[in-house]
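Chemist: starting from these lines, generate the structure:
(chains A and B)
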Protein chains: 2
Amino acid sequence: MILCLTGGTGGAKLIEGVAAETDPAELTIICNTADDCIVHGLYVSPDIDTILYTLAGIIDPVKGWGIENETFTALEQLERLGAETWFRLGDKDLATHILRTRLLKEGLTLSAVTDLLRKKLGIAAAILPMSDDRVESRIATPEGEISFQEYFVKQRWQKEVTSVRFAGATQSRPAPGVLDALAQAVSVIVCPSNPVTSIGSILAVPGIRSALARTKATIVGVSPIIGNAAISGPAHNLMIAAGFEPSALGVAKAYADFLDLFVFAAEDRSLQAELDQLDIKAVATDIRMRDRTDKKRLARELLALINE
Amino acid sequence: MILCLTGGTGGAKLIEGVAAETDPAELTIICNTADDCIVHGLYVSPDIDTILYTLAGIIDPVKGWGIENETFTALEQLERLGAETWFRLGDKDLATHILRTRLLKEGLTLSAVTDLLRKKLGIAAAILPMSDDRVESRIATPEGEISFQEYFVKQRWQKEVTSVRFAGATQSRPAPGVLDALAQAVSVIVCPSNPVTSIGSILAVPGIRSALARTKATIVGVSPIIGNAAISGPAHNLMIAAGFEPSALGVAKAYADFLDLFVFAAEDRSLQAELDQLDIKAVATDIRMRDRTDKKRLARELLALINE
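Modeler: Have a look, this model is predicted:
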């Protein structure tokens, strides 16, 4: 069984490749839920949705989030009615949030709702939230603390970040199946997602980091950083705020206690010597995933490395 | 000030005419809320919405409910995800329900939310729910009790009805402004809406019926029945179940304690003598509202009768 730890966009690209190169039924995905937010009273789980839509083959291939051929009729009407609409919810996407919100209100767990959505979307891979408990990335800025989505979507990550915390993490428990999956996995892929607010938040759920350190599985991490910047998004800014060096080396160090293998960009070959000192096998390759061919090639390279 | 008591479709047609023939700012509308329902976890208020959309000029003119040029993208996706979709919610319409549900959850009353929606839609007339308390039309059938929407939309009013009750009515209070409007109105129009589940439910809110009997306003009722059938919808079946004769005479009798005037279909002229015995001035005319011209003409006739 192959286990992936992931956030949204970057991780989803790699997972698309992995699902194409293996039996999806042998795939288990643990998703970050610390970016989840309430929008217009609806419970939105952006990373779970990106993974669901990716594996269902309905993801918007240009934006990397939301559903393809989407319309925004309801949102435009909400705007006319005076609602804030900086968080873009398409009409098809709304169906996910409306159904999830109702089922959560009826007492289902986020795990149960995610599994129901997965089945309805015809996805064979198991998709688990990191926790059924509410854990929330909180971004401290000089003007005060904001949610991840306010920082990422509303402010377009232009605000200075002084620190990041995961509200609720210490009281949270891994979702049902997460620790079992970590114990039973043959391989674990730590996807090229934000090491702070995507992977860091998963690791902040008590029991997950120690299970990664303990598992017999081969664990490979993929850098989301090339040079000093994230391939997409604000990972480098958040890494600085969290006290990490914003580089592939910083990523490897953040995961050093559990990684066996680390895949980083060919552009960063100058870091090889420093990476080699971390007791992790570090391999440089082309980590940009421009299209489906790239995604599948990178997935094949990872699987080959794991099986070596 | 002109006050209208109304349900959805039939009442909305007349209100469109009245709003065109008077100063809408002098118009107050008390809406039935006993058909309100929770759909996909969203609070839907069908009659308030029909009145809002009518007065905003965005009602679907063919269906008589919902918003014109509507799409059903979210609903189609909800169907794919396994949700029941017999209650047709369009994408634009969804915005109303999403916003209302959020604001109610945040603690606003239905009155406050309705007033906010009215203002955002640029409506000058005041629109009041009959009550901010939950009152629910419950339809008894040989197979058990169902909600009004299950009877009306899901079953397309094909089930036998044995009785109707208004759950929560005895504990309910008129919404803020309702009793003041009844006391201050110069004219009251009881719209051609279902006498049981649209007007009957408004009258079931303690204080409203006695305020109608007490007010100095001239009160005119309009029949929703021609011959033995409703112009649209199941009013005749529900009247039988509620113990009324399914005819214009039955309607007049149901309102006899507070009506000054009653307008009924020219087709029902044979009822004139019986109607005259009710101590109500009964006037036969063309009550069908096929188009905007009909709506305005009927409104003008009513206003002229009231002013006589």
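Chemist: can we go C-alpha only for contacts and neighbour counts from here?
Modeler: OK.
Chemist: what number of residues are in the vicinity of A:Gln171?
Modeler: Other residues near A:Gln171 come to 11 when the count uses other C-alpha atoms under 10 Å in any protein chain shown.
Chemist: quick check on it: phi, psi?
Modeler: A:Gln171 has phi and psi values of phi -90, psi 0 when expressed as degrees, to the nearest 10.
Chemist: where in chain A is the helix or strand with the lowest mean pLDDT?
Modeler: Least confident helix or strand of chain A, by mean pLDDT, DSSP states H and E, is strand A:229-230 with a mean of 90.
Chemist: ramachandran angles for the closest residue to chain B within the stretch 151-300 of chain A?
Modeler: Checking the stretch 151-300 of chain A residue by residue against chain B with C-alpha to the nearest C-alpha singles out A:Lys154 as nearest, at 19.7 Å. In terms of degrees, to the nearest 10, the main-chain angles of A:Lys154 are phi -70, psi -50.
Chemist: ok, which stretches of chain A are helices?
Modeler: A:9-21, A:46-55, A:73-80, A:91-105, A:110-120, A:148-149, A:178-184, A:199-203, A:208-214, A:235-241, A:248-254, A:272-276, A:292-307 (DSSP state H).
Chemist: using a markdown table, please lay out those together with mean pLDDT and mean neighbour count.
Modeler: Shown next, in a markdown table, are the helices of chain A (pLDDT from 0 to 100; neighbours: other C-alpha atoms under 10 Å in any protein chain shown):
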| stretch | mean pLDDT | mean neighbour count |
| --- | --- | --- |
| helix A:9-21 | 96 | 23 |
| helix A:46-55 | 98 | 25 |
| helix A:73-80 | 98 | 20 |
| helix A:91-105 | 98 | 21 |
| helix A:110-120 | 98 | 19 |
| helix A:148-149 | 92 | 21 |
| helix A:178-184 | 97 | 19 |
| helix A:199-203 | 98 | 25 |
| helix A:208-214 | 97 | 17 |
| helix A:235-241 | 93 | 23 |
| helix A:248-254 | 97 | 22 |
| helix A:272-276 | 96 | 14 |
| helix A:292-307 | 97 | 17 |
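Chemist: now those helices as CSV including distance to B:Ile226?
Modeler: Conversion of these to CSV gives the following (distance: least, C-alpha to C-alpha, whole Å):
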stretch, distance to B:Ile226
helix A:9-21, 61
helix A:46-55, 53
helix A:73-80, 38
helix A:91-105, 42
helix A:110-120, 48
helix A:148-149, 57
helix A:178-184, 66
helix A:199-203, 67
helix A:208-214, 71
helix A:235-241, 70
helix A:248-254, 77
helix A:272-276, 87
helix A:292-307, 66
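Chemist: touching chain B at all, stretch A:31-47?
Modeler: Yes. Contact between stretch A:31-47 and chain B, assessed by C-alpha under 8 Å from any C-alpha of the partner chain, occurs at A:His40, A:Gly41.
Chemist: check the offset of that stretch from the chain's centre.
Modeler: Remark: stretch A:31-47 is offset 13 Å from the chain centroid, using C-alpha atoms, centre = their mean, to the nearest Å.
Chemist: end to end on that stretch, go ahead and measure it.
Modeler: Terminal residues of stretch A:31-47 are spaced 6 Å apart (C-alpha to C-alpha, to the nearest Å).
Chemist: and chain A, which residues reach chain B?
Modeler: Neighbours of chain B within chain A, by C-alpha under 8 Å from any C-alpha: A:40-41, A:71, A:73-78, A:80-83, A:91-96, A:98-99, A:101-102, A:117, A:120-121.
Chemist: kindly recompute the last result at 10 Å.
Modeler: Neighbours of chain B within chain A, by C-alpha under 10 Å from any C-alpha of the partner chain: A:39-42, A:70-83, A:90-103, A:105-106, A:116-121.
Chemist: neighbours of A:Thr85, how many?
Modeler: Look at A:Thr85: counted by other C-alpha under 10 Å, it has 16 neighbours.
Chemist: ok, it touching A:Thr73?
Modeler: No. Using C-alpha atoms under 10 Å, A:Thr85 is not in contact with A:Thr73; the gap is 11.9 Å.
Chemist: circling back to that earlier point, which among the helices of chain A is found nearest to B:Pro224?
Modeler: helix A:73-80 (32.9 Å; C-alpha to C-alpha).
Chemist: then the closest one to PDB, C-alphas only?
Modeler: This file holds the C-alpha atoms of helix A:73-80, laid out as PDB (Å, rounded to 0.1, in the frame of the first residue of the first chain):
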ATOM      1  CA  THR A  73     -23.900  31.900 -11.100                       C
ATOM      2  CA  ALA A  74     -24.700  31.400  -7.400                       C
ATOM      3  CA  LEU A  75     -21.600  33.400  -6.300                       C
ATOM      4  CA  GLU A  76     -22.500  36.300  -8.600                       C
ATOM      5  CA  GLN A  77     -26.000  36.400  -7.100                       C
ATOM      6  CA  LEU A  78     -24.500  36.200  -3.600                       C
ATOM      7  CA  GLU A  79     -22.400  39.200  -4.600                       C
ATOM      8  CA  ARG A  80     -25.500  41.100  -5.700                       C
END
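Chemist: quick one: that helix to helix B:73-80, angle?
Modeler: With axes from the mean of the first three to the mean of the last three C-alpha atoms, to 10 degrees defining the directions, helix A:73-80 sits at 140 degrees from helix B:73-80.
Chemist: helices and strands around helix A:73-80, which ones?
Modeler: For helix A:73-80, the helices and strands in contact under the criterion 3 or more C-alpha pairs under 10 Å, 6 or more residues apart in numbering or on different chains; DSSP states H and E are helix A:91-105, helix B:73-80, helix B:91-105.
Chemist: that one to helix B:110-120, inter-axis angle?
Modeler: 90 degrees.
Chemist: name the residues of stretch A:252-266 that are buried.
Modeler: Taking 16 or more other C-alpha atoms under 10 Å in any protein chain shown as the neighbour-count basis, stretch A:252-266 is seen to contain the buried residues A:252-256, A:258-266.
Chemist: can you pull the contacts of A:Gln155?
Modeler: A:Gln155 is in contact with A:Trp86, A:Phe148, A:Gln149, counting by C-alpha atoms under 10 Å, 6 or more residues apart in numbering or on different chains.
Chemist: surely the second one and A:Trp157 touch.
Modeler: Yes. With contact defined as C-alpha under 10 Å, A:Phe148 and A:Trp157 form a contacting pair (9.2 Å).
Chemist: re earlier: how about the helices and strands packed on helix A:73-80 in a markdown table, adding distance to B:Pro206?
Modeler: As requested, these are exported to a markdown table (distance: least, C-alpha to C-alpha, whole Å):
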| stretch | distance to B:Pro206 |
| --- | --- |
| helix A:91-105 | 32 |
| helix B:73-80 | 37 |
| helix B:91-105 | 23 |
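Chemist: wait, which of the ones you listed is closest to A:Cys191?
Modeler: Closest of the helices and strands packed on helix A:73-80 to A:Cys191 is helix A:91-105, at 24.0 Å (criterion: C-alpha to C-alpha).
Chemist: leaving out sequence neighbours, find the closest residue to A:Phe72.
Modeler: Beyond its immediate neighbours in the sequence, the residue positioned closest to A:Phe72 (C-alpha to C-alpha, 6 or more residues apart in numbering or on different chains) is A:Gly90, lying 4.6 Å away.
Chemist: and for the one you found, the neighbour number?
Modeler: The criterion is other C-alpha under 10 Å. On that basis, A:Gly90 has 22 neighbouring residues.
Chemist: if I pick the residue nearest to A:Thr96 when sequence neighbours are not counted, what's in contact with it?
Modeler: Taking C-alpha to C-alpha, 6+ apart, and ignoring the residues beside it in sequence, A:Thr96 has B:Leu78 as its nearest neighbour in space, at 7.3 Å. Neighbouring residues of B:Leu78 by C-alpha under 10 Å, 6+ apart: A:Lys92, A:Asp93, A:Leu94, A:Ala95, A:Thr96, A:His97, A:Ile98, A:Leu99, B:His40, B:Phe72, B:Glu84, B:Thr85.
Chemist: now do 8 Å
Modeler: With contact set as C-alpha atoms under 8 Å, 6 or more residues apart in numbering or on different chains, B:Leu78 has these partners: A:Lys92, A:Ala95, A:Thr96, A:Leu99, B:Glu84, B:Thr85.
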